[in-house]
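[1] Predicted structure and sequence below. I'll ask about it afterward.
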Amino acid sequence: MGIPKAAVKVSQGALIGGCRLQASPPTEVKRTNYVGIDIGKNRCAACVADEKGEILRELTYQNTRAVIEELAGSLAQFGDCRAVLESTGNLWVKTYEILEEHGVPVKLANPLQTKAIAQARVKMDKLSARILAHLLRANLIPECYIPPRETRERRSLLRHRSALVRDRTRIRNEVHSLLDRHDLRCEHKDLFCVSGMRWLVGLKLPREDQAILESHIRRLRALDGAVEAAISGSLRRHR
């Protein structure tokens with residue numbers, strides 16, 4: 001007569017067939033929490049929601065690097081977190097990079113498309129941190145492409161250099177205009193080469209225009225140095 005299975009009771013660590021049974025440790029279910037961040041120039045708002053949409057924490061904070069560092073560090077208490085920011089000018093960059101440094105995956109939401117999706121579900125005038133968190137939880141965030149950090153830094157340096165070159169070109173045009181006013185022609189092909197600059201320095205104009213010319217020369221020399229420094233910085237990043 002067989003023994004009913006219900007009557008069999010095996011204790012942890014019991015010997016069966018010469019083998020000791022070990023209870024398997026309980027499997028820990030890794031849960032993801034979602035962080036929506038509404039960024040303002042001076043103050044920001046953040047909302048942390050769990051997988052079920054329950055709000056775990058809401059707060060406002062100052063948009064400073066020290067406070068953002070503190071916020072990013074505090075997210076560890078919620079376990080695995082993912083974050084979303086709304087693209088607002090360049091205000092998002094600081095928060096994005098700090099969260100990135102803390103290992104928090106971040107999405108940058110396209111503001112127009114995200115607002116359209118949110119309005120189709122909830123009547124609202126602006127994207128709040130809570131709405132961003134819920135949209136991220138539902139995987140409804142239309143993302144903006146964010147290049148790797150090294151590429152972002154290189155592009156920033158190139159934009160800076162381009163701005164310097166534009167300023168230098170504008171001042172050079174003003175120098176040409178000043179010379180035309182006094183019917184002066186430089187014998188050098190390039191007015192702004194070493195010899196041409198030496199010729200400019202030696203000019204004697206009426207007092208007001210002389211002061212303007214000297215100001216232009218000082219600014220051109222400063223801009224030449226700044227452009228050269230920007231080029232050197234770009235080359236160092238490529239090595």
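    Done, it's in. Residues are numbered from 1 along each chain as shown.

[2] looking at it, Asp80 is touching Tyr34, isn't it?
    No: using C-beta atoms under 8 Å, Asp80 is not in contact with Tyr34; the gap is 10.1 Å. The way it works is simple: take the backbone N, C-alpha and C, and place the C-beta from them, glycine included.

[3] Please identify which of those two sits among more neighbours.
    Legend: neighbour count by other C-beta atoms under 10 Å for Asp80 and Tyr34, higher for Tyr34 (24 against 12).

[4] Assumed that one was part of a strand.
    Yes: the assignment for Tyr34, made by DSSP: H, G, I helix; E, B strand; the rest coil, places it in a strand.

[5] so it makes contact with Lys52?
    No: look at Tyr34 against Lys52 with C-beta under 8 Å: they stay out of range, at 10.7 Å.

[6] burial count for Val35?
    By other C-beta under 10 Å, the burial measure for Val35, its neighbour count, is 26.

[7] no no, Ile68
    Residues near Ile68, counting by other C-beta under 10 Å: 23.

[8] from memory it sits against Ile98, does it?
    Yes: between Ile68 and Ile98 there is a contact at 4.9 Å, judged by C-beta under 8 Å.

[9] Would you map the helices across this structure?
    65-74, 92-101, 111-121, 129-137, 149-181, 194-201, 207-238 (DSSP state H).

[10] List the buried residues in the fifth one.
    For helix 149-181, the neighbour count (16 or more other C-beta atoms under 10 Å) marks Arg154, Leu157, His160, Arg161, Leu164, Asp167, Arg168, Ile171, Val175, Leu178, Leu179 as buried.

[11] Kindly reformat these as CSV containing distance to Val227 and pLDDT.
    Converted to CSV, the buried residues of helix 149-181 look like this (distance: C-beta to C-beta, whole Å; pLDDT from 0 to 100):
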residue, distance to Val227, pLDDT
Arg154, 16, 88
Leu157, 12, 89
His160, 10, 92
Arg161, 6, 92
Leu164, 5, 94
Asp167, 9, 96
Arg168, 7, 96
Ile171, 12, 97
Val175, 16, 96
Leu178, 22, 95
Leu179, 22, 95
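
[12] which ones are touching the spatially most central residue of the chain?
    The residue lying closest to the centre of the chain (C-alpha atoms, centre = their mean) is Val93, at 2.4 Å. Listed by C-beta atoms under 8 Å, 6 or more residues apart in numbering, the contact set of Val93 reads Arg152.

[13] what's the distance between it and Gly53?
    29 Å (C-beta to C-beta, to the nearest Å).

[14] Could you do Thr88 as well?
    Thr88 sits 25 Å away from Gly53, going by C-beta to C-beta.

[15] Looking only at neighbour counts, state which of these two leads.
    With neighbours defined as other C-beta under 10 Å, Thr88 and Gly53 compare such that Thr88 has more, 15 against 12.

[16] Just the pLDDT at that one, thanks.
    Looking at Thr88, its pLDDT is 78.

[17] Contact partners for the nearest residue to it once chain neighbours are set aside?
    Nearest residue to Thr88 in three dimensions, chain neighbours excluded: Ile39, at 5.4 Å (C-beta to C-beta, 6 or more residues apart in numbering). For Ile39, the contact set (C-beta under 8 Å, 6+ apart) comprises Asn63, Leu85, Glu86, Thr88, Leu91, Trp92, Thr95.
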